[in-house]
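Peer 1: Have a look at this fold, sequence not included:
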Ligand code: HEC
Ligand code: HEC
Ligand code: HEC
Ligand code: HEC
Ligand code: HEC
Ligand code: HEC
């Protein structure tokens, strides 16, 4: 067997005509943009229950502290909104502290001198009341404070942030991965093909006795050069290459068409450099504290400047970013946050149904917000994305009487768990007005 040689073929004849050359360029261009636009359907189904199991007193106290107190108190001497809690149990006994935590305003109103003193010292900032914490809970919190406060300085920075945050990890989308694997495969295949052909030519030369001129020269490089010319000239290889590129272009174009209007990855600059990483991550402020609608209604709500003032009335007043909040309040003009997530008007989405009834975590749909310096849209928010989750996710029927009868009926004719799809989650009218 002999590979046909074409002496005139140069290496660039690998690109047989200007048309397919164009196609290749387009393919490369498109594939680079598709890498950043590709859909990310990793949004985890099924809620990941957060929260640590309580161990000893201090361990339980740590959870309570981080969930309730850390946004205003450090376990050290450091002052955040309120005083550092280190040594608080030596300043007052646990009964006093319990009364204080249950309702600090009542203690102040009773004229307790210490209470009045710190209240004034902290510019009359009101501490949240926690009537539901028992004395044991509070003892646990201070057992933790004693432990954490005794730790060396670096722990101070961990006023809440040091704990490994629970939550769904976000990876890059499978579509990105798919494209990379595809391209890599094509490259590897071409390489293997090339090497095989080189071997075949060299072998066939050797078999034909080495009496030809090329073989006589014997120089490896020239043989390699010739084989490459051979490969480039081979019509079968040429057309295979062209087809691979055509298929790539098609895949990329179709992907591109599906991502029209999809704002995934959108992360606009906001008027104030408000950081979720700092507030929700490090200081563990509950999402609910600012997004007050998530459990109650359709919209999650963006907090008004007054909510910021609960803390920034005292914290970092001098910072130019915080001054913008003051300006907004003085001028009575709202802060003009740039909206990130936005469904078209034809679709209906309700937060309380998903957060309160279904018990989903924010991370399921928004990614790990508590790690974001600037908010970014992580999910595609396409219809396919909604439907996909409704097909896969079990309805949270636990302790929900509304579903008891439905679960019974469902169990009588199916062994599968009750999915959102089974309760009408795929009906057009549920999501479209
Ligand atoms: C919204 C912010 C905020 C939260 C949340 C908060 N505190 Fe406070 N706390 C304060 C402020 C401010 C003061 C200072 C007194 C004042 O202005 O009312 C204070 C004072 C205290 C004091 C007295 C400090 C001292 O040195 O004697 C204790 C004890 C205390 N808080 C415990 C707690 C505990 C325990 C929790 C969590 C269950 C908690 N606080 C949650 C803001 C807060
Ligand atoms: C201290 C208040 C505060 C807390 C706590 C907070 N947020 Fe926000 N959030 C904001 C503000 C202000 C904006 C608007 C500015 C921006 O986009 O960064 C916002 C924007 C968002 C947006 C984007 C809204 C849009 O325009 O589409 C999402 C999603 C979000 N927050 C989720 C969360 C989640 C999840 C948590 C809890 C882990 C959380 N937030 C905690 C104040 C807060
Ligand atoms: C529960 C308390 C709390 C609330 C509510 C809160 N913040 Fe903060 N914020 C903090 C703390 C604590 C810091 C860190 C201060 C520091 O670094 O010393 C901070 C820091 C900041 C900073 C960085 C300031 C700088 O110059 O370093 C900005 C900007 C900011 N907050 C904006 C906001 C906005 C806007 C809101 C309202 C949507 C808000 N915050 C609501 C507690 C709060
Ligand atoms: C099932 C998915 C899902 C879950 C879970 C979810 N969100 Fe959303 N979120 C969305 C969608 C979809 C939008 C866009 C809504 C629109 O444009 O009408 C959105 C929008 C927002 C906005 C912008 C304001 C608004 O309401 O349009 C904020 C803020 C927000 N979410 C916060 C949260 C917080 C905080 C949580 C957790 C307590 C949460 N979300 C849980 C899907 C979700
Ligand atoms: C992470 C999974 C998840 C995603 C993503 C999701 N949903 Fe849901 N959805 C649920 C669950 C779980 C329920 C069931 C809640 C319940 O028990 O009523 C639900 C229920 C609903 C319902 C009520 C259905 C009924 O029969 O009562 C509507 C409407 C809805 N979702 C709309 C949407 C829209 C619109 C989107 C996309 C923008 C979306 N959902 C995205 C999980 C999801
Ligand atoms: C779980 C919620 C959900 C269900 C069920 C659902 N849709 Fe949608 N649909 C959406 C969302 C969200 C969008 C907007 C996002 C987008 O454009 O991809 C959308 C977009 C559309 C659009 C595109 C409109 C445009 O301007 O691009 C059409 C058409 C549509 N839906 C028809 C239907 C039909 C027909 C059904 C029933 C067979 C249905 N949908 C069921 C959530 C849903």
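Peer 2: Cool, the structure landed. Everything numeric here is computed off the predicted structure, so don't read it as measured data. Ligands and ions are numbered 1, 2, ... in the order given.
Peer 1: Touching stretch 66-76 from outside, list them.
Peer 2: Outside of stretch 66-76, the residues within contact range by C-beta atoms under 8 Å, 6 or more residues apart in numbering are 65, 80-86, 127-128, 130, 133, 141, 144-145, 148-149, 153, 155-156, 159-160, 163, 279, 283-286, 289, 311. For the C-beta atoms, the positions are set from N, CA and C on the backbone; glycine is no exception.
Peer 1: Does it reach ligand 2?
Peer 2: No: applying C-beta under 6 Å from any ligand atom, one finds that stretch 66-76 is not in contact with ligand 2, the shortest distance being 8.2 Å.
Peer 1: Please identify the buried residues of that stretch?
Peer 2: When neighbours are counted by 16 or more other C-beta atoms under 10 Å, the buried residues of stretch 66-76 are found to be 66, 68-76.
Peer 1: ChimeraX command for the buried members of the contacts of stretch 66-76?
Peer 2: For anyone working in ChimeraX, the buried entries among those, judged by 16+ other C-beta under 10 Å, can be selected with:
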select :65,80,81,82,83,84,85,86,127,130,133,141,144,145,148,149,155,156,159,160,279,283,284,285,311
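Peer 1: filter the contacts of stretch 66-76 down to the ones near ligand 1?
Peer 2: Of the residues in those, proximity to ligand 1 by C-beta under 6 Å from any ligand atom holds for 81-83, 85, 127-128, 130, 133, 141.
Peer 1: Which of those sits closest to ligand 4?
Peer 2: Within these, the smallest distance to ligand 4 is 18.9 Å, found for residue 128 (C-beta to the nearest ligand atom).
Peer 1: And the pLDDT at that closest one?
Peer 2: For residue 128, the pLDDT comes out at 84.
Peer 1: What of the one 5 residues further on?
Peer 2: Residue 133 is assigned 88 on the pLDDT scale.
Peer 1: sorry, back to before: identify, from the ones next to ligand 1 among the contacts of stretch 66-76, the entry nearest to ligand 6.
Peer 2: When those are compared for distance to ligand 6, the smallest value, 36.6 Å, is given by residue 128; criterion: C-beta to the nearest ligand atom.
Peer 1: what's the weakest-modelled helix or strand in the chain?
Peer 2: The helix or strand of the chain with the poorest confidence is helix 154-157; it has a mean of 39 (mean pLDDT, DSSP states H and E).
Peer 1: so how far is the lengthiest helix in the chain off the chain centroid?
Peer 2: With DSSP state H setting the assignment, residue counts place helix 174-207 as the longest helix in the chain. In terms of C-alpha atoms, centre = their mean, to the nearest Å, the centre of helix 174-207 is set 37 Å apart from its chain centre.
Peer 1: who in this structure is up against ligand 5?
Peer 2: Residues of the chain found near ligand 5, taking C-beta under 6 Å from any ligand atom as the criterion, are 43, 45, 343, 347-349, 353-354, 357-358, 360, 364-365, 381, 385-386, 389-390, 393, 395-396, 420, 423-425, 430-431.
Peer 1: Could I have the buried ones of those residues as PyMOL selection syntax?
Peer 2: In PyMOL, a selection of the buried entries from the residues of the chain next to ligand 5 looks like this (16+ other C-beta under 10 Å):
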select buried, resi 43+354+358+360+364+365+381+385+386+389+390+393+395+396+420+423+425+431
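Peer 1: need the helices for the stretch 301-433 of the chain, in chain order.
Peer 2: Counting by DSSP state H, counting those that start in this stretch, the stretch 301-433 of the chain has helices at residues 305-312, 320-331, 351-352, 362-366, 383-392, 404-413, 428-431.
Peer 1: Worst mean pLDDT among those helices?
Peer 2: Of all these, mean pLDDT reaches its minimum on helix 404-413 (a mean of 87).
Peer 1: Please compute how far it lies from its chain's middle.
Peer 2: With C-alpha atoms, centre = their mean as the basis, the mean position of helix 404-413 lies at 35 Å from the chain mean.
Peer 1: Now for residue 242, how many residues are close by?
Peer 2: Taking other C-beta atoms under 10 Å as the neighbour definition, residue 242 ends up with a count of 17.
Peer 1: Would you reformat the buried residues of stretch 66-76 as TSV and include distance to residue 190, pLDDT and secondary structure?
Peer 2: As requested, the buried residues of stretch 66-76 are exported to TSV (distance: C-beta to C-beta, whole Å; pLDDT from 0 to 100; DSSP: H, G, I helix; E, B strand; the rest coil):
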residue	distance to residue 190	pLDDT	secondary structure
66	54	86	helix
68	60	86	helix
69	61	87	helix
70	56	85	coil
71	57	80	coil
72	61	84	coil
73	62	88	coil
74	59	87	coil
75	60	89	coil
76	61	86	coil
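Peer 1: Show me which residues of the stretch 151-300 of the chain sit near ligand 2.
Peer 2: So far as C-beta under 6 Å from any ligand atom goes, the stretch 151-300 of the chain lies against ligand 2 at 270, 274, 276, 279-280, 285, 287, 289-291.
Peer 1: which of those residues sit farthest apart?
Peer 2: Using C-beta to C-beta, those reach their maximum pairwise distance at 270 and 289, which is 18.4 Å.
Peer 1: looking at the helices of the stretch 301-433 of the chain, which is buried most?
Peer 2: Burial of those is given as mean neighbour count (mean count of other C-beta atoms under 10 Å); helix 362-366 ranks first at a mean of 22.
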